[in-house]
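Participant: please work out how this folds:
(chains A, B, C and D)
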There are 4 protein chains.
Amino acid sequence: MTVPVGIVGATGYAGQELVRLLARHPGAALDTAMASDRASSASLPGFDRIWEGPVVPLSVPDLVDRVAAVFLTVPEALAAELGPPLLAAGVRVFDLSGAFRLVDDAERQRWYPESGGALPCQTAYGLAERHRDAIRDARLVACAGCYPTAAILALAPLARQGLVVGPIVIDAKSGISGAGKSPSERTHFSECHDNIEAYGLPAHRHAAEIEQEIGTAVTFVPHLVPLNRGIFETIYAMAAPGVSDEDVARTYTDAYGDAPFVRLRRGRLPEIKDVAYTNFCDIGWHLDPRSQRLVIAACLDNLIKGAAGQAIQNFNIAYGYDERAGLP
Amino acid sequence: MTVPVGIVGATGYAGQELVRLLARHPGAALDTAMASDRASSASLPGFDRIWEGPVVPLSVPDLVDRVAAVFLTVPEALAAELGPPLLAAGVRVFDLSGAFRLVDDAERQRWYPESGGALPCQTAYGLAERHRDAIRDARLVACAGCYPTAAILALAPLARQGLVVGPIVIDAKSGISGAGKSPSERTHFSECHDNIEAYGLPAHRHAAEIEQEIGTAVTFVPHLVPLNRGIFETIYAMAAPGVSDEDVARTYTDAYGDAPFVRLRRGRLPEIKDVAYTNFCDIGWHLDPRSQRLVIAACLDNLIKGAAGQAIQNFNIAYGYDERAGLP
Amino acid sequence: MTVPVGIVGATGYAGQELVRLLARHPGAALDTAMASDRASSASLPGFDRIWEGPVVPLSVPDLVDRVAAVFLTVPEALAAELGPPLLAAGVRVFDLSGAFRLVDDAERQRWYPESGGALPCQTAYGLAERHRDAIRDARLVACAGCYPTAAILALAPLARQGLVVGPIVIDAKSGISGAGKSPSERTHFSECHDNIEAYGLPAHRHAAEIEQEIGTAVTFVPHLVPLNRGIFETIYAMAAPGVSDEDVARTYTDAYGDAPFVRLRRGRLPEIKDVAYTNFCDIGWHLDPRSQRLVIAACLDNLIKGAAGQAIQNFNIAYGYDERAGLP
Amino acid sequence: MTVPVGIVGATGYAGQELVRLLARHPGAALDTAMASDRASSASLPGFDRIWEGPVVPLSVPDLVDRVAAVFLTVPEALAAELGPPLLAAGVRVFDLSGAFRLVDDAERQRWYPESGGALPCQTAYGLAERHRDAIRDARLVACAGCYPTAAILALAPLARQGLVVGPIVIDAKSGISGAGKSPSERTHFSECHDNIEAYGLPAHRHAAEIEQEIGTAVTFVPHLVPLNRGIFETIYAMAAPGVSDEDVARTYTDAYGDAPFVRLRRGRLPEIKDVAYTNFCDIGWHLDPRSQRLVIAACLDNLIKGAAGQAIQNFNIAYGYDERAGLP
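Facilitator: Residues are numbered from 1 along each chain as shown, chains lettered A, B, ... in the order given. Coordinates of the predicted model:
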């Protein structure tokens, strides 16, 4: 028994990755790949023998007719528009946008004014390692953002148990695929290559998402660095008085001992090359026992664990498959 | 005595390089930098303390009033439109487009239909190492294209003297800045990075320019490779029977012995890193004495020797300065 | 029933890729990963949850005791030394080096003097698309080289049937992983980045391998370009008089219609990004009907189709598995 | 009147940059380029028509005979060995190593145990914008390190005047040329490309240098990012209560109003592409008036302002030239 699934937004970078992964997923039958508007069709060059279907124009009735679950990888306004009718028709939704991530209405209106009204019922925040049970029961899974995934996995266990105090700084570095597929001066090769750009000041909406999950304020500054796929976050905090390296290690192990996609790197820091093209998030840290300064590093592939892979991991949980099914 | 000069198209990659070089040229006073249309103005971020003037909207009357020479780095159609009135007003023109490069009217109409009618009088093909005298006397210098500069410098001496025969293949590799500053899917970092793309088939107009200067047909295939600045051309031909490596070396030395920007690399092949950010064109070759197969490699910085630097080299010749003035 | 297999040379780039692929191959049980010398052991950082075994020192007796098939990814001299005792003990060998590729003894002595004496019996040249039957029956498979794989797949069908004539030029561009994992000035980031380097003149031993398989002489010049994984070859030849684009297409289709890893790109040229991290070789071409000039482009991932993937494809054929088993 | 100068360590990346810059410096005559040992000689490929001298073996007597000033770009132990005899012979020394940077003897012994005994008299810390007068009078200039230059220029004016408080985090990103020219796994293209690596934990000696100059403790974590030239530092601190954006701007302007190579970027953050191949250090910042969180970004070219250019800037001051002489 496989679940018939559809994708809306199949031509973007996350969408293409969804096609690639779902095409060989043992528990999903990729039925329909749609563009993110009602007029465009397209083909996916380079996908021969991987998935050879067309990318058809967006149509909610067609989705409702054909599939049981939909992956949305479209702008927030469109996700907010598509979610309710799909849910009403009984289709399960895995949304990769930010439209449904913030639980607090005021926060959601502030950061995603295009996302419309109240959160639908049975919405879960889609970070499997933290909300496995809610995802299992959800009709709508608001998959975690790429930057927040690394930050929350690194910080939530420590912050929720009071192991870290003081100002928390998240210095995040992302490859250019994180900026999306639309051509712009910002994504022009000659502008990115040999360059680093900090952005998101004074405030980036991903900070709100991180704060919701870890329960404390952060300073979050993202940077574009000249690589294609991968996020590396260096996180600076203070360990609470008396907290030891052993405490940190045990807290992480308790949190992620059974998580198939979190790898702990005690005593060394992770590197992007070990997580690229995988669904892993690697976490390492260093605690200076004299000063209690704690430096954590976390990295992942923004298109897999930060987008398509995470959505499929959530799908696996929702449908009772092995959490690793269909994932590299 | 410095020559008051202007630039049209100052915000593009070649235009910015012209600003940077002319701002400190000992014989030129950069008076005016214009956009490539009549409505836009701009500033050049990152140019503080290098050149702090504004980029003003295009205006031919202003140019005529203020400058003695103009550098055009604009699309062919606009270059074709601007050239005649500037010349008529006595302004000397250094054009970096292809509009005036092809001498044969039919060829020019074929490859550059947007370039209008007959070539203006006193037009020179702006490759200093081959046409120094014509450039000295010209009112309009049609600066050689980036790909043709390397190919012609490598092939013209040998071809004009009959040292090479048989089919000539030019496999050209260019950095992405050669594709221009306009954002497109093709110049998106994530599409270029870790990729190679061949283009220009069935035929690229730069082949016509090369053939005009070397006097024989070529197969020319350009490729985009993931670096920013630089062109590397690998050229395959047969040496005529009896031609020796020594003959090739002597022919090159005769041609370029006094050329300040051509460096001959006998016995080894050049590399882009040695020419990047310079006005040099480096040429190396290997002749197999058993088969007479000749492999030549030539490389240059497409924005300097392939564009802005070459134009300034031509300017230097036209105004009687040291050919190297103001060039790195 | 799975085949117990071993790898010698597991820490190099091709070796790591073999580990990654064999660890999840449905028909192979990766029993033993060895270093390429008898003193070293190592771990593979970043392989947690992929393959967690140690890399042990090289030992032929241990291999003979434990595995039915061995993948060798070691220098030619060592491959030549290890092959005969493994074969004598009944172990099937898949060699990724050049030691056993050249059938003609004189040619092999010339290009691989370190490879020792006569070719072992039942040696097949390991390019599945051309020698499927021989591979099925072989005890030793000399897997095709990375550059030759693309060139032979592109040229052999045309050359063997007389569709191409005249001098053949192969301009090959490889990512830096093709230069191996040993640190050197040549592989230093700052030397490769933003650079292109041609090498292999006057002659590269891969030309002999290509010529053996296509039956005609070629000019072959490899280049290092600043990307990590991927080979792009631009091939220049003349189509024989009367040969049409349709003839070329039909010849390719006849040759590769049932080959799961060759994708034909009629009417457009392939790009590295479509084959990276896959076992595909994509081939496109353009034939100019006026001049009969034929330009072919072929590309593949040098570590997969050019090394580890190809070896596993050969293993699949040798053991009667689906040719695609375990391959991305 | 030009100053005869020598370089020791001319084949490294900073050494080559010194050759390139000094070869055309109007006030220096580059007399001698030496290797960093007494046995090696070398040539500098790619330097034809830039500087064509040989790189000769290290010889202190030859230096003493021939030059008035020496630039040392060698390991600390060798710098510590060469400094005293050169000074004793009346040669002025511009040292690019860390051997003489730390004024406190205990700190220097801790971080640079190879640097020997007491600091020579008339040693100045070579960061022109902070110690112009001391450099003018010095016999030995210990040129500031690449990472410290950006950090100190960004922080010293604020920290020295009490505008910042609380923990200071410096997240530094460097291109690979900063790791030096020696080949290693760490600088292999395939290991760096598409990767980010954090290092320097638990503590990096550049932190001591920064702390010496700004007078307060910092958390400093350097990263290698996949670009060649350039350092980008993101600095996190708290502005003292009541300190406004205007106060920060005025403090910077007071500090650097007459500094030709510091460019302030009020209201936006700097980018590496604007400083690459120049001697500029660009500084931008953002102060959140609600939280007093201050984010500063500073960037420079590690081989110019972080090494060779800075040393020449110091040379210019020491010899009374325009501070900008010979610098791009």
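
Participant: all contacts plus neighbour counts: C-alpha atoms, from now on.
Facilitator: Will do.

Participant: chain A: strands as residue ranges?
Facilitator: Counting by DSSP state E, chain A has strands at residues A:3-8, A:28-34, A:55-56, A:69-72, A:92-95, A:123-126, A:140-143, A:164-174, A:197-198, A:219-224, A:231-239, A:262-266, A:281-287, A:293-300.

Participant: how long is stretch A:113-128 end to end?
Facilitator: The distance separating the two terminal residues of stretch A:113-128, taken as C-alpha to C-alpha, to the nearest Å, comes to 26 Å.

Participant: which other residues reach stretch A:256-275?
Facilitator: Here stretch A:256-275 makes contact (C-alpha atoms under 8 Å, 6 or more residues apart in numbering or on different chains) with A:129, A:230-232, A:249, A:252-253, A:279-286, A:296-301, A:323-324, C:46-48, D:191, D:194-198.

Participant: got a ChimeraX select line for the buried ones in those?
Facilitator: Filtering these down to the buried ones (16 or more other C-alpha atoms under 10 Å in any protein chain shown) takes a single ChimeraX command:
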select /A:129,230,231,232,249,252,253,279,280,281,282,283,284,285,286,296,297,298,299,300,301,323,324 /C:46 /D:191,194,195,196,197,198
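
Participant: which ones are touching the closest residue to chain C within the stretch 1-150 of chain A?
Facilitator: With C-alpha to the nearest C-alpha as the measure, the residue in the stretch 1-150 of chain A that lies nearest chain C is residue A:46; the distance is 5.0 Å. Contact criterion C-alpha under 8 Å, 6+ apart gives C:274-275 as the residues in contact with residue A:46.

Participant: ditto for residue A:192
Facilitator: With C-alpha under 8 Å, 6+ apart as the criterion, the residues that contact residue A:192 are A:176, A:186, A:224-226, B:189.

Participant: how near is residue A:46 to residue C:280?
Facilitator: If you go by C-alpha to C-alpha, the gap between residue A:46 and residue C:280 works out to 10 Å.

Participant: ok, now residue A:42?
Facilitator: When residue A:42 is compared with residue C:280 (using C-alpha to C-alpha), they lie 23 Å apart.

Participant: ok, the closest residue to chain B within the stretch 1-150 of chain A - contacts?
Facilitator: With distances taken as C-alpha to the nearest C-alpha, the stretch 1-150 of chain A approaches chain B most closely at residue A:13, which sits 9.4 Å away. By C-alpha under 8 Å, 6+ apart, the contact list for residue A:13 reads A:177, A:180-181, A:303.

Participant: farthest-separated two in the residues you listed?
Facilitator: Spatial extent of the contacts of residue A:13 (C-alpha to C-alpha) is set by the pair A:181 and A:303 at 12.0 Å.

Participant: the more surrounded of those two?
Facilitator: Summary of the neighbour comparison: residue A:181 and residue A:303, criterion other C-alpha atoms under 10 Å in any protein chain shown, with residue A:303 having more neighbours (27 against 19).

Participant: not counting its neighbours along the chain, what's nearest that one?
Facilitator: Nearest residue to residue A:303, sequence neighbours excluded (C-alpha to C-alpha, 6 or more residues apart in numbering or on different chains): residue A:14, at 5.6 Å.

Participant: who's in contact with the one you found?
Facilitator: Residues near residue A:14 by C-alpha under 8 Å, 6+ apart: A:73, A:303-304, A:307-308.

Participant: got these as JSON lines, with pLDDT and distance to residue A:217 columns?
Facilitator: Shown next, in JSON lines, are these (pLDDT from 0 to 100; distance: C-alpha to C-alpha, whole Å):
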{"residue": "A:73", "pLDDT": "98", "distance to residue A:217": "28"}
{"residue": "A:303", "pLDDT": "98", "distance to residue A:217": "26"}
{"residue": "A:304", "pLDDT": "98", "distance to residue A:217": "27"}
{"residue": "A:307", "pLDDT": "98", "distance to residue A:217": "24"}
{"residue": "A:308", "pLDDT": "98", "distance to residue A:217": "28"}
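
Participant: farthest pair in these?
Facilitator: Largest separation among those by C-alpha to C-alpha: A:73 and A:304, giving 12.9 Å.

Participant: and for residue A:160, the neighbour number?
Facilitator: Counted with other C-alpha under 10 Å, the neighbours of residue A:160 add up to 13.

Participant: wait, it sits on residue A:214?
Facilitator: Yes - under the criterion of C-alpha atoms under 8 Å, residue A:160 makes contact with residue A:214 at 6.3 Å.

Participant: circling back to that earlier point, out of the contacts of residue A:13, which are inside helices?
Facilitator: In this view, the contacts of residue A:13 have no member that belongs to helices under DSSP state H.

Participant: quick check, nearest of these to residue A:116?
Facilitator: Within those, proximity to residue A:116 (C-alpha to C-alpha) peaks at residue A:180, which comes in at 23.0 Å.

Participant: out of everything not next to it in sequence, what's closest to that closest one?
Facilitator: Spatial nearest neighbour of residue A:180, chain neighbours left out: residue A:13 (6.8 Å); criterion: C-alpha to C-alpha, 6+ apart.

Participant: before we move on, back to that, which of the contacts of residue A:192 tops the neighbour count?
Facilitator: In terms of neighbour count, residue B:189 stands highest of the contacts of residue A:192 at 31 neighbours, by other C-alpha under 10 Å.

Participant: rewinding a little: what's the pLDDT at the residue nearest to residue A:180?
Facilitator: Residue A:13 is assigned a predicted lDDT (pLDDT) of 97.

Participant: tell me the contacts of residue A:11?
Facilitator: A:35, A:42, A:44, A:55.

Participant: farthest pair in those residues?
Facilitator: Of all pairs drawn from these, the one with the longest distance (C-alpha to C-alpha) is A:35 and A:44, at 11.0 Å.

Participant: who has more neighbours, those two?
Facilitator: For residue A:35 and residue A:44, the more surrounded residue by other C-alpha under 10 Å is residue A:35, and the numbers stand at 25 against 15.
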